[in-house]
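S.K.: please find the sequence and the predicted model below.
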Amino acid sequence: DTEVTQTPKHLVMGMTNKKSLKCEQHMGHRAMYWYKQKAKKPPELMFVYSYEKLSINESVPSRFSPECPNSSLLNLHLHALQPEDSALYLCASSPGTSGGVVTQYFGPGTRLLVL
Amino acid sequence: QKEVEQNSGPLSVPEGAIASLNCTYSDRGSQSFFWYRQYSGKSPELIMFIYSNGDKEDGRFTAQLNKASQYVSLLIRDSQPSDSATYLCAVWPPSGGYNKLIFGAGTRLAVHP
């Protein structure tokens, strides 16, 4: 089973709202990722958690706040977003972050629209 | 120079033909190479990964890696209209480098009946 689940599938929020995106995997993977993808562009890495610790933050604005409550769950808290933050937000997981265990599996994504 | 380069396409092939998708990368020490398929509005789906020079086959898909020439390709035999999608090449950098996948911009494949 290589399933990563994400909720919600779609989200519309105003610029003053606070919302959270959720991601879950039960493959025993120790690395989890958040990506942002705009139309006709490749995924753009935002954050990496390795063994539940934040290992990479790609200089993402503070209005995006990641959280890894346990090895299976990853959240992305959203606050005071801008319309340009509208995108497909993808979660991914991999067994690890080095050697032969870096294969990433993506969830279905959350389509976010900021009004 | 972009780290991972792909022709954006569209690559148009007739149904039943072989589609050949190519990718070059700049970091000679890169170790792991991945092909993802992405349908419009959907998330990337892993098609193949390859670590060693040579060919790796899985059903209608063959990944080819040539580290000396720094390119990786994906061949799709007996192309079907359902193969029409964007194909993303992704490269994992050398160990000790920045641990993240480097994606190419993707090649759009159109298989016409």
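M.R.: Right, received. Where do you want to start?

S.K.: so B:A68 sits in a strand?
M.R.: No - under DSSP: H, G, I helix; E, B strand; the rest coil, B:A68 sits outside any strand and is assigned coil.

S.K.: who are the neighbours in contact with it?
M.R.: Taking CB atoms under 8 Å, 6 or more residues apart in numbering or on different chains, we find B:A68 in contact with B:N53. No exception for glycine: its C-beta is placed from N, CA and C like everyone else's.

S.K.: and what of B:A85?
M.R.: By CB under 8 Å, 6+ apart, the residues touching B:A85 are B:37-40, B:108-109.

S.K.: in the sheet, who's paired with the single nearest residue of chain B relative to chain A?
M.R.: Distances between chain B and chain A by CB to the nearest CB are smallest at B:F103, namely 3.7 Å. Beta-bridge partners for B:F103, by DSSP bridges, are B:A90.

S.K.: one more: the one 4 residues further on?
M.R.: Applying DSSP bridges to B:T107 yields these beta-bridge partners: B:Y87.

S.K.: my guess is it contacts B:T86. True?
M.R.: Yes - assessed by CB atoms under 8 Å, B:T107 is found in contact with B:T86 at 6.8 Å.

S.K.: would stretch A:100-115 count as contacting chain B?
M.R.: Yes - Stretch A:100-115 reaches chain B (CB under 8 Å from any CB of the partner chain) through A:100, A:102-109, A:111.
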